[in-house]
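*Asks:* Predicted model, plus sequence, below.
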Amino acid sequence: MTHYMKLWQESFYKIADGSKTIELRLNDEKRRQIKIGDTIVFNCTKNNDVITAKVKALHRFADFKALYNALPLDKCGYSKDELENAHYTDMEQYYSKEQIEKYGALGIELCDVHFNR
């Protein structure tokens, strides 16, 4: 199955250059359909650049705090400087407390990344 997601420009190019291999998301009803081996097509919000990637692994957590405590954040695109200040509220700002309590958090581990211009 193929899934479609939009990414901010910075996150998009971090996946394209290999410095980000785990994408952090809310584990909502749509993303509960994702399985290992599925293809995800990422579109850059700034232009029409596209990345296709395979799902290597899925990491599901009750909330972003648990996700941040369990995952290697450098694989989530944080630089050395950002790692010292990384905090789970970085992701919680994008979703309401109610959404997080209902769905939890998801780390999508990617492989076989192809950047299409």
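*Replies:* It's in.
*Asks:* Locate the residue most central in space within the chain within the secondary structure: which element?
*Replies:* Nearest to the geometric centre of the chain sits Glu23, at 1.6 Å (C-alpha atoms, centre = their mean). Assigned by DSSP states H and E, Glu23 belongs to strand 22-26.
*Asks:* if we can go back for a sec, hang on, isn't the residue nearest to the centre of the chain packed against Cys111?
*Replies:* No: judged on C-beta atoms under 8 Å, Glu23 makes no contact with Cys111 at a distance of 12.0 Å. Placement of C-beta: from N, CA and C, glycine included.
*Asks:* Pull the distance from the helix or strand of the chain at the bottom of the mean pLDDT ranking to the chain's centre.
*Replies:* Here the helix or strand of the chain ranked lowest by mean pLDDT, DSSP states H and E is helix 80-85, holding a mean of 87. Computed by C-alpha atoms, centre = their mean, to the nearest Å, the chain-centroid distance of helix 80-85 equals 18 Å.
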